[in-house]
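Visitor: sharing a model prediction with you, sequence too.
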Amino acid sequence: MRRLVFLLLLLTAPLAYAASDAEVARARQLSAEAADLFRDGKHAEALEKFEKANRIVPHPNLDVNIGRCHEALGRYDEALLHCKIALNAPTTPAPTRLAARSCVDRVEAKLKRPELEVRSRPPGARVVIDGQEVGRTPWRGEVEPGRRQVDLELQDLAPVTRTVNAVRGQEHLLEVVLTPATVGGLLSIHTDPAGAEVVLNGEAVGTTPLESFQVDARTYVLEVRKPGYAPQVSTVTVEDGQHLERRLPLVLVGPAPGAASERPMWPGWTMIGAGVVAAGVGGWFGAKAVDSRDAADKIARTSGDPADRDRYDDLVHEMDTRRTLSDVLWGSGGVLVVGGATWLLWPD
């Protein structure tokens, strides 16, 4: 935020070079538009407008802003050029010179040659970078950016070749374990997750990560196993002086160790289904109870025959029985539905 405010202050400084009022006004407008674009992260568009303004009315402020756009776009050589132009211009105002100095310092740090540190066990190995000997381990120095080949040589030990992708402004560390040239090799086994048992030719030799385990030069049956994961079996051949490394992802075949098993959903759905059926049957009995009530009521209101008394009593009995069954089934259905929903929704 402080840098952005400083940028805007630079934009409001007077354009000191002789120019017409129209040119100055146009350059200011382009600079203001460029500042808005820079603030929004549109560095390429901001660069275009800053450069156009600088062609109309050249000014150190604009060179600094052009340099910052190049820096944001990763074009450090161009950024350094423009910031140095502003820094070295005799008419550069003090605030602008301060901003240019800050820009130069930042960009030069990013353009700094990569540093490489090489270590070996045991130390004292000859270090050869891209075919040129540079010293012995432990060694530290600058290298050219890009892909570098590093060869390490030490008497009675197997030579080792590694590559390093050297990046400007960064430090890189290369650590190498040198192995005897004719007395076997080293084996390193890593798994994801770690903690798996390592077995060579039927003999357990440790758990992962297994680092620099010394073995004879021969072919081995390698088995890696961990509870809850599929075992892996393969053959590996270790040659004299070789440091063989293997990275093996383990495949989960059951719930993770210590994880709770997932609760089945079918009991909940079964209870809900049974509850719906019970409620449906209860509704049917309720409807039948209403039919029995209506029939008994009709006899009571319209019949004066004593012979209909037994029929009336039967209908009242049917009504009470069916109503009771309806109440029981409705209540049971509701309990089952609530229980099933609770089973499905209640957290494990």
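Guide: That came through, no problem.
Visitor: what residue is smack in the middle of the chain?
Guide: residue 192 (16.5 Å; CA atoms, centre = their mean).
Visitor: please name the nearest non-neighbouring residue to that one.
Guide: Nearest non-adjacent residue to residue 192, counting by CB to CB, 6 or more residues apart in numbering: residue 249, 4.9 Å away. For the C-beta atoms, the positions are set from N, CA and C on the backbone; glycine is no exception.
Visitor: distance of the closest residue to residue 212 other than its chain neighbours from residue 299?
Guide: Nearest residue to residue 212, sequence neighbours excluded (CB to CB, 6+ apart): residue 186, at 4.6 Å. Relative to residue 299, residue 186 is positioned 103 Å away (CB to CB, to the nearest Å).
Visitor: please identify which of those two sits among more neighbours.
Guide: residue 186 (19 against 16; other CB atoms under 10 Å).
Visitor: so what strands line up beside the host helix or strand of that one?
Guide: Using DSSP states H and E, residue 186 sits within strand 185-192. Taking DSSP bridges as the criterion, strand 185-192 forms sheet pairs with strand 210-215 (antiparallel), strand 243-249 (parallel).
Visitor: avg pLDDT for that strand?
Guide: Averaged over strand 185-192, pLDDT sits at 88.
Visitor: pretty sure the residue nearest to the centre of the chain contacts residue 247?
Guide: Yes. Assessed by CB atoms under 8 Å, residue 192 is found in contact with residue 247 at 7.4 Å.
Visitor: helix/strand/coil for residue 343?
Guide: Classification of residue 343 using DSSP: H, G, I helix; E, B strand; the rest coil returns helix.
Visitor: so for it, what's the nearest residue that isn't a sequence neighbour?
Guide: Residue 343 sits nearest to residue 268 (CB to CB, 6+ apart), 3.4 Å away.
Visitor: pretty sure that neighbour is touching residue 338, no?
Guide: No. With contact defined as CB under 8 Å, residue 268 does not count as touching residue 338 (10.8 Å).
Visitor: please identify which of those two sits among more neighbours.
Guide: residue 268 (18 against 13).
Visitor: what mean pLDDT does the helix or strand hosting that one get?
Guide: Residue 268 is part of helix 266-302 when elements are defined by DSSP H and E. In this model, helix 266-302 has an average pLDDT of 83.
Visitor: centre of the chain versus it, how much separation?
Guide: For helix 266-302, the separation from the chain centroid amounts to 58 Å (computed by CA atoms, centre = their mean, to the nearest Å).
Visitor: what do you get for stretch 326-340?
Guide: Distance, stretch centre to chain centre, for stretch 326-340: 48 Å (CA atoms, centre = their mean).
Visitor: what's the answer for stretch 107-122, then?
Guide: Its chain's C-alpha centre and that of stretch 107-122 lie 28 Å apart, by CA atoms, centre = their mean.
Visitor: could you give me the buried positions within that stretch?
Guide: By 16 or more other CB atoms under 10 Å, the buried positions in stretch 107-122 come out as 107, 114, 116, 118, 119, 120.
Visitor: of the residues you listed, closest to residue 53?
Guide: residue 107 (21.5 Å; CB to CB).
Visitor: so the closest one, which of the three states?
Guide: helix.
Visitor: now do it against residue 226, distance only.
Guide: 50 Å.
Visitor: beta-bridge partners for residue 127, please?
Guide: Assigned bridge partners for residue 127, using DSSP bridges, are residue 135, residue 152.
Visitor: might one say that it is in contact with residue 138?
Guide: No. Residue 127 is not in contact with residue 138 according to CB under 8 Å; the separation is 9.3 Å.
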